[in-house]
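S.K.: One predicted model, sequence on top.
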Amino acid sequence: MWMMLIAVTLLNSCNNAVKTEDKKVSTINKVLQQEDGSISLKVDKAECYSDKENPATNTAEWNVFVSKSGRFDVWLSSATKDTTDLQYENSVMLSIQDNRLEARPACDNIILNSSDVTYPYFRADSFMGSVFIQDTGLYNIQLISEKILPKNHKIAEPADADVSKLLSVSLTPIAR
């Protein structure tokens, strides 16, 4: 009888240790939704994958905890020298579970003297569309674009000096 009680206690304590460890793993690199419902995803804080052979498949990923569901406008922020053309060769694709947006960024809003970039660059915000997130919980958000540059990216040619770079993605709640 005592052996059964010890075995059950030991088994139960081992299961609790595994559950605690799983919770720690799921909270690593997690972005929390802000009080106002907006979600700000910076590329330099993402898990990034880059392909020198095919930069159009460069990817940034975030784990985001959504506490307020609903419809969100999606905005991209880029650093650029050219405020008329961001020079994206391909469309940018955003995936949130079964929701997928695809758009070619344009200079919808130019921000002068932004703290996100240094001179001679300007911040250009591009409207991508809107997406509906039905439930609360943990979501994996993935962004694919050739403008997701690796951290060790160096300008190879003078022509590359005007290259724009993707800085962040913002999801802002649409008020009803």
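M.R.: Okay, I see it. Residues are numbered from 1 along each chain as shown.
S.K.: lowest-pLDDT helix or strand in the chain?
M.R.: Using mean pLDDT, DSSP states H and E, the weakest-scoring helix or strand in the chain turns out to be helix 2-27, at a mean of 51.
S.K.: didn't Ile110 look like it was pressed against Val117?
M.R.: No. Checked against Cβ atoms under 8 Å, the pair Ile110 and Val117 is beyond contact range at 11.2 Å. From N, CA and C alone the C-beta is placed, and that goes for glycine too.
S.K.: Near the nearest residue to Pro173 once chain neighbours are set aside, how many other residues are there?
M.R.: Distances taken as Cβ to Cβ, 6 or more residues apart in numbering put Gly37 closest to Pro173, at 3.8 Å, once the chain neighbours are dropped. Here the count is done by other Cβ atoms under 10 Å, and Gly37 has 17 residues near it.
S.K.: can I assume Gly37 sits in a helix?
M.R.: No. Read with DSSP: H, G, I helix; E, B strand; the rest coil, Gly37 is coil and lies in no helix.
S.K.: can you tell me the helix or strand for Asp125?
M.R.: strand 122-133 (DSSP states H and E).
S.K.: On the strand side of things, show who the residue nearest to Asn140 when sequence neighbours are not counted bridges to.
M.R.: Of all residues not flanking Asn140 in the chain, Asn63 sits nearest, at 5.9 Å (Cβ to Cβ, 6+ apart). When bridges are called by DSSP bridges, Asn63 pairs up with Lys30, Asn140.
S.K.: Quickly note the distance from Asn63 to Tyr139.
M.R.: 7 Å (Cβ to Cβ, to the nearest Å).
S.K.: More neighbours: these two, which one.
M.R.: Tyr139 (20 against 16).
S.K.: my guess is the more buried one meets Val66, correct?
M.R.: Yes. In terms of Cβ under 8 Å, Tyr139 counts as a neighbour of Val66; the distance is 5.8 Å.
S.K.: what do the two both touch?
M.R.: Ile133 (Cβ atoms under 8 Å, 6 or more residues apart in numbering).
S.K.: What are the neighbouring residues in contact with Ile93?
M.R.: Careful, residue 93 is Met and not Ile. Contacts of Met93 (Cβ under 8 Å, 6+ apart): 100-102, 143-145.
S.K.: please redo it, this time with the cut-off set to 10 Å
M.R.: When contacts are counted by Cβ atoms under 10 Å, 6 or more residues apart in numbering, Met93 touches 56-57, 59, 100-103, 128, 142-145.
S.K.: biggest separation within those, which pair?
M.R.: With Cβ to Cβ as the measure, no two of the contacts of Met93 lie farther apart than Thr57 and Met128, at 18.4 Å.
S.K.: Which one's more surrounded, these two?
M.R.: Under the criterion of other Cβ under 10 Å, the comparison of Thr57 against Met128 puts Met128 first, with 24 against 15.
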